[in-house]
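> sequence first, predicted coordinates after that:
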Amino acid sequence: MINFFKHISLRTQIFLSMIILVFMACLLILFATYYQYQNESIDYNIFRLNRKESQLRKQINYLVEKNNLLNQNDSLWKNYNDEFNAVIKIHNVNYSIFNMSGKALFTSFLPLKIIANKYRLDKELISEGYNVKRLINYTVKHNKNLDTSFLKSLKRDMPNLVYVYSENSAKSFLKLIKKYELVDYWMNTNLMCIGEKTSTVLNVIKWKKIFLFNPGEEEFLLYKI
């Protein structure tokens, strides 16, 4: 290769060097332009998202004030579902509304209904003409007592997080907490609940944070703590 360049004239070497420099400059410009475009695209999408959220908040607040829903019974919200559904068509976005306890007041499409524990497969099948019969295939026996040594160890080193997978488990857990006077021990513990009904049972306890999750998302939530 060195011998090859020795046989090339100085003029040709300068020309080739200029071509290589121009090519490298084009690559740098291309990379810088792409990077700038990506940043501007992200900023623009965030701006649009914030604007959409602001418009949605204003529309929801208007409907709440118009229908005097603030501090009213949660059951009244379903009477105005048509008005909240109209907002979906206006802004072309799906949304849900929850109260401060995490209970769903309005849900707009299936995934949000499942998360809010408001979706019933049996009702869906009945509406399609199927004959559905609900069967109970298991029973629950609650643990009513805790070992003394376990209690001492628990009070000495409280867990960073607790996973609760059902409403029944939450009720059983709450009874044990009250029975052994553990109500004030959970302020530095994160509560992970599989649904809104489960978290509602344990809302009476002061937790560091409460997270709702779907099956399979347990490991993902660990990165949020």
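That came in fine, so what should we check first?

> can I take it that Y35 is in a helix?
Yes: counting by DSSP: H, G, I helix; E, B strand; the rest coil, Y35 is located in a helix.

> looking at it now. What's its pLDDT?
For Y35, the pLDDT comes out at 85.

> the closest residue to H91 other than its chain neighbours: how many residues sit nearby?
In space, not counting the residues next to it along the chain, H91 is nearest to L56; the distance is 5.8 Å by Cβ to Cβ, 6 or more residues apart in numbering. For the C-beta atoms, the positions are set from N, CA and C on the backbone; glycine is no exception. By the criterion of other Cβ atoms under 10 Å, L56 has 16 neighbours.

> got a list of what L56 touches?
V87, H91, V93, Y95 (Cβ atoms under 8 Å, 6 or more residues apart in numbering).

> dump those into JSON lines; add distance to F15 and pLDDT as well.
JSON lines is the format used below for the contacts of L56 (distance: Cβ to Cβ, whole Å; pLDDT from 0 to 100):
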{"residue": "V87", "distance to F15": "65", "pLDDT": "85"}
{"residue": "H91", "distance to F15": "59", "pLDDT": "79"}
{"residue": "V93", "distance to F15": "58", "pLDDT": "80"}
{"residue": "Y95", "distance to F15": "62", "pLDDT": "80"}
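
> mind checking which of those residues are buried?
V87, Y95 (16 or more other Cβ atoms under 10 Å).

> from the contacts of L56, which single one is nearest S172?
Each of these was scored against S172 by Cβ to Cβ, and Y95 proved nearest at 34.3 Å.

> who's in contact with the closest one?
L56, V87, I88, S108, L112 are the contacts of Y95 under Cβ under 8 Å, 6+ apart.

> 10 Å instead?
52-53, 56-57, 59-60, 84, 87-88, 106-109, 112 (Cβ atoms under 10 Å, 6 or more residues apart in numbering).

> filter those residues down to the buried ones and hand me the ChimeraX line.
Command for ChimeraX that selects the buried part of the contacts of Y95, burial taken from 16+ other Cβ under 10 Å:
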select :56,59,60,84,87,106,107,108,112
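
> where in the chain is pLDDT low?
1-7, 100-103, 109-122, 124, 138, 221, 223-225 (pLDDT under 70).

> domain map for it?
11-93, 148-222 (automatic domain parsing).

> for this structure, which segments count as helices?
In the chain, the helices defined using DSSP state H lie at 2-6, 10-66, 81-91, 110-115, 121-127, 148-156, 167-179, 196-201, 218-222.

> let me know which of the ones you listed is tucked in deepest.
Mean neighbour count (mean count of other Cβ atoms under 10 Å) peaks for helix 196-201 among those, with a mean of 20.

> so what secondary structure elements neighbour that one?
strand 161-164, helix 167-179, strand 190-193, strand 209-212 (3 or more Cβ pairs under 10 Å, 6 or more residues apart in numbering; DSSP states H and E).
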